[in-house]
Every structure is written in structure tokens, then in C-alpha cells.
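Student: pasting the sequence and the predicted model now:
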Amino acid sequence: MKSLRISTAIIAVLLSAGLAPAQSLIASQGQTISFHGADNTPTGDVAPGLPNGERFGGNSGPNAGVIDDSGRVFFRGQIVDASGAQFTGSLAHLSRGYFLGDNRGNLSLVLRGGDPEPSGAINGTTLQSSSGNITLNGTPRIASNGLMMFGAAVWGGAVTAADDDVLYVGTPGAWQLLAREGNVAPGCGGATYSSVFSSVNYATTSLNAAGQTLFL
């Protein structure tokens, strides 16, 4: 029996006024942002910003993207090596990255699992879990002006299982800690966060262009 291989793509449709009702928006304005190849084959697009010819691919493909007012899509993509082989085991954190762009030509890498902790506030740590598993959550947010929010796990230095989950807000190169597991939660009588921020989802988070954020 032949196995079924599925390839997926992130596609954005940019709307403009005055389109005829019968006109296909996909045909007239659709942009392919990235193409994720079939499992264990080197058929996906080369992922931008990575050093060894890594591609988009794997067994789960990209997560749902979010879009800002300029049409840029922010999403978590699955990464495989140049041959199409998946990053597994202790290297699983390398298999996911955040990407931003409005077409294939300007797509850029925002962050990848295994990168240094992006705010600079937690010394000696990288974006990965204690076991090396996937660290970047699959449901990041982007506001109308491009402000971003995402959850992640960090490990290294003095980090322990009690404070290894972080919620970030900002833009590439200017990330700030919004909340961290183990820190005191404001207005809660000294209680501390115990949330796994690397598992936050769309239903429990939101932010706007003024930088106001909401999370559970």
C-alpha cells in the first residue's frame, strides 16, 4: 500500500475595493508565502535565514498564520534539513521557527528554536525545553502595526522547571519579557505565575497596536 504524502502552503489573499463578486480572490490576488514539502523529501522551499540549506517540510507542516495591516503573515513553520530529514529527539527544538513576509521573495526568519534567549534578560539560555523538545508555541499573535507576541520555553544557565516558560512581546531585535513562569503576577496578592506560556493559544491571548496585551 502506498503511503499518502501531503504538502502544504501558506497562502495570503490581499483584498482591494471594487472586485467583481464572481472574481476569484485567490486567482487575482493570492500570494504563496511558503511551500512545505512532503514528509522526508527535499521538496519544500528553502527556509530563509538558515545556514545549512534547511527547508520547509515534515509531517505536520506550518501552523495557522496571523496577518498585519500591511499584509505580512507571521507563522510558525516546520523545518527539516536539506535532504528533507526531520529534526527529532534532542534536536527537536530546531524543527520550528517563526517567519514573516507577504510573499516568497521577502519571507524572513524571525526566530528559530535553539536561538539565544531573545530579550537578553535571562543569561545563558536558549529557546528550547529542558529535554530539547519544540519550544516556540504554534499560535503567535501579530497586531495591525506588526507588534508580535508569542510564548516559548527557555533552558540553560540558572533556569529550572519552575521558571522556564516565558511570554514575549515586541518586534524582531526588540523583544521584551511580558510574563515569566515563577514571577509575581500583578494584583494577585503576591501569587506567582504557574502557566506554561509555551502552550498559549489564540483563544487565550490578544494584543493591539498600542501594545496592550491580554493573556490567561
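Tutor: Arrived safely, thanks for sending.
Student: got a list of contacts for stretch 60-77?
Tutor: Defining contact as C-beta atoms under 8 Å, 6 or more residues apart in numbering, one finds that stretch 60-77 is touched by 6-8, 10, 12, 14, 33-34, 36, 47, 56, 78, 96-102, 110, 136-146, 148. For glycine as for every other residue, the C-beta is placed from the backbone atoms N, C-alpha and C.
Student: weed out the non-buried ones from those.
Tutor: 8, 10, 12, 33-34, 36, 47, 56, 78, 96-102, 110, 136-143, 148 (16 or more other C-beta atoms under 10 Å).
Student: domain parsing for the protein?
Tutor: 1-14+26-112, 113-216 (automatic domain parsing).
Student: hey, least reliable of those by pLDDT?
Tutor: Ranked by mean pLDDT, those end with domain 1-14+26-112 in last place, scoring a mean of 89.
Student: tell me where the protein has strands.
Tutor: 8-13, 30-36, 55-56, 66-67, 73-80, 96-101, 108-112, 141-142, 148-153, 165-171, 174-180, 205-207, 213-215 (DSSP state E).
Student: ok, the last one: who's next to it in the sheet?
Tutor: Each strand that strand 213-215 pairs with, and the sense of that pairing, follows from DSSP bridges: strand 205-207 (antiparallel).
Student: quick one: buried residues of the partner strand?
Tutor: Buried-residue list, strand 205-207, by 16+ other C-beta under 10 Å: Thr205, Leu207.
Student: so which residues of this structure form helices?
Tutor: Taking DSSP state H to define them, one finds helices in the chain at 25-29.
Student: related to what we said a few turns ago, got TSV for the strands of the chain, with distance to Ser119 too?
Tutor: Shown next, in TSV, are those (distance: least, C-beta to C-beta, whole Å):
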stretch	distance to Ser119
strand 8-13	27
strand 30-36	27
strand 55-56	27
strand 66-67	21
strand 73-80	18
strand 96-101	15
strand 108-112	11
strand 141-142	17
strand 148-153	10
strand 165-171	7
strand 174-180	5
strand 205-207	16
strand 213-215	15
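Student: which one of the ones you listed lies nearest to Ser199?
Tutor: For these, the distance to Ser199 is smallest for strand 148-153, at 6.9 Å, taking C-beta to C-beta.
Student: which strands and helices lie in contact with that closest one?
Tutor: Judged by 3 or more C-beta pairs under 8 Å, 6 or more residues apart in numbering; DSSP states H and E, the packing partners of strand 148-153 are strand 141-142, strand 165-171.
Student: same thing but 10 Å
Tutor: Judged by 3 or more C-beta pairs under 10 Å, 6 or more residues apart in numbering; DSSP states H and E, strand 148-153 is in contact with strand 73-80, strand 96-101, strand 108-112, strand 141-142, strand 165-171, strand 174-180, strand 205-207, strand 213-215.
Student: could those strands go into a markdown table alongside distance to Gln29?
Tutor: A markdown table is the format used below for these (distance: least, C-beta to C-beta, whole Å):
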| stretch | distance to Gln29 |
| --- | --- |
| strand 73-80 | 14 |
| strand 96-101 | 16 |
| strand 108-112 | 22 |
| strand 141-142 | 20 |
| strand 165-171 | 26 |
| strand 174-180 | 31 |
| strand 205-207 | 27 |
| strand 213-215 | 31 |
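Student: and stretch 88-99, how far apart are its ends?
Tutor: 21 Å (C-alpha to C-alpha, to the nearest Å).
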